[in-house]
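Novice: Here you go, sequence then predicted model.
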Amino acid sequence: MSSLEDIIFTNLVNKETYMRRVIPFIKEEYFQTKSEKLLYKTIREYITEYNTSPSVDAVRIELQNSNELTQKEFDDLNEKLKDIEESKESHDEEWLVDKTEKFCQDKAIYNAILESIHIIEGKSKTKNTTALPDILSQALAVSFDTHVGHDYLEDGEKRYDFYHKIEHRIPFDLQYFNDISNGGTPQKTLNVILAGTGVGKSLFMCHHAANCLAQNKNVLYITCEMAEERIAERIDANLMDTTLDDLKELPRQAYEAKLNRLSNRIKGKLIIKEYPTASANANHFRFLIDELNLKRKFVPDIIFIDYLNICSSARYKNNGSVNSYTYIKAIAEELRGLAVEKNVPIFTATQTNRTGYSSSDVNLEDTSESFGLPATADFMFAIMSNEDLDKQGHILVKQLKNRYNDLATKRKFVVGINRSKMKLYDVEESAQEGLVGTGNEDDVGVEGFDSKFRKSRDSYRDKVSAWKINNEEE
């Protein structure tokens, strides 16, 4: 009875269509014995050089010229080659490809486990236990990807279907953000907020996390800065429409009543996980997601990471041997890779540099530590504030990078902010006058906001004050 390895060798030689489908994925280390490894190596080298399956005689000649085999090993392989030459077996190609893929997956995991044991026992000179997650994740990721590219003419129909496919997006509850993102953030994307200290990076993420939860989405909020309870407190204030100060004074019975009303209305779940600053990387987040799925049947629809610069890299050690550009860019690439792997949008934030902190009009070059971060992000925007904006209960938003829409459309706009309730809200169109559009008015920064809107400010301030009074009464 032929083993699967024998069937693979037979079809690599005798069936060229099968060979071309599987040869990119089979590795020499998937075979156990020395002679099988050499047989596969010989077949692969012939295919690489001549772009066709070898004949049995060609393989035999190559093996005869090898100095790696004993006479007994050569005789055994020669018998195997005779069996391949005389084989009359015929297997369904799809079945055989599936079995070959399973063979490669099983062998990859087996080899990864052996290597891990070797490392744990301290027998590896080049790797330590920190390499185990990568070794196992790479083994688990083995699969046959048969897609080799998009044929412009032959795949025209598929391309048309793609143009008209409704992409799954998670919308904002802020109209201008939906406008600039074509209805929300799609899956497999990295979205970055740029702002100075205290402007509202975490507030924006907490508000949007609460918005996603209210849409019955599963939300994972990872914090590397604040305690889990502090993040939950902010989301409580947002969803319960209560100020942070009033939340602390709320009697237990009233708090539980509000929470029960939320639980009856909201079907999604929010998990908040805290990691020590600069200790967690994309691998930690990946294992957390897998563990939540295993233990709680929780699969996130969106992930918030607060914030990128205080994460660590899975590829580099932050010990001075790597510059900040490379290090922060690596973190961004790893987080975006995680978003693609888990099929979710990821929101995170970054600080402005010294120039940006004092600037009235933040740009991409004001990103702290690494310009590689905006190069990796799919969507990036800055939020800015000053004393005058604070008085009006506004923040200024400026698009910096946008793969979802034309960057010139609504390049700048204002959003209402209620810091005590950790909320953002849409403002009247009159507040946007002079900021939206594609003309020179887009050059207006935070300082220019005052002169641009002096005429309409008094009437608008009255409306904002009335809104606050009504909101507090409710």
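Specialist: Noted; the coordinates are in hand. Numbering: from 1, shown residues only.
Novice: and Gln351, that one's in a helix?
Specialist: No - Gln351 sits outside any helix when classified using DSSP: H, G, I helix; E, B strand; the rest coil, being strand.
Novice: Who does it form a beta bridge with?
Specialist: The partner list for Gln351 in beta bridges (DSSP bridges) reads Ala195.
Novice: isn't it right up against Asn309?
Specialist: Yes - with contacts counted by C-beta atoms under 8 Å, Gln351 reaches Asn309, the gap being 6.1 Å. Heads up, the C-betas are built off the backbone N, CA and C, glycines and all.
Novice: shared neighbours of those two, anything?
Specialist: Residues touching both Gln351 and Asn309 (C-beta atoms under 8 Å, 6 or more residues apart in numbering) are Ser368.
Novice: Backbone torsions only: list them for Thr367.
Specialist: phi -70, psi 130 (degrees, to the nearest 10).
Novice: so what are the domain limits for this structure?
Specialist: When the chain is parsed with automatic domain parsing, its domains come out as 4-140, 169-384+400-407+418-431.
Novice: Comparing those domains, which comes out most buried?
Specialist: Across those, the average number of neighbours (mean count of other C-beta atoms under 10 Å) peaks for domain 169-384+400-407+418-431, which reaches a mean of 18.
Novice: Could you list the low-pLDDT ranges of the stretch 351-474 of the chain?
Specialist: Along the stretch 351-474 of the chain, the parts satisfying pLDDT under 70 run over 356-360, 434-474.
Novice: quick one: the strands in it?
Specialist: In the stretch 351-474 of the chain, the strands defined using DSSP state E, counting those that start in this stretch lie at 379-384, 394-402, 412-418, 423-425.
Novice: Compare the ones you listed and report which one is nearest to Ala257.
Specialist: strand 423-425 (20.6 Å; C-beta to C-beta).
Novice: for the longest helix seen in the chain, packing partners?
Specialist: Taking DSSP state H as the criterion, the chain has its longest helix at helix 93-120. If you count contacts as 3 or more C-beta pairs under 8 Å, 6 or more residues apart in numbering; DSSP states H and E, helix 93-120 packs onto helix 4-14, helix 16-22, helix 132-140.
Novice: now the angle between helix 132-140 and that helix, please.
Specialist: Orientation check (axes from the mean of the first three to the mean of the last three C-alpha atoms, to 10 degrees): helix 93-120 against helix 132-140 gives 170 degrees.
Novice: May I see the strands of the stretch 351-474 of the chain arranged in TSV, with distance to Arg20 as well?
Specialist: Formatted as TSV, the strands of the stretch 351-474 of the chain follow (distance: least, C-beta to C-beta, whole Å):
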stretch	distance to Arg20
strand 379-384	40
strand 394-402	40
strand 412-418	54
strand 423-425	55
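Novice: List the buried residues of stretch 392-399.
Specialist: Residues of stretch 392-399 classed as buried by neighbour count (16 or more other C-beta atoms under 10 Å): 392-399.
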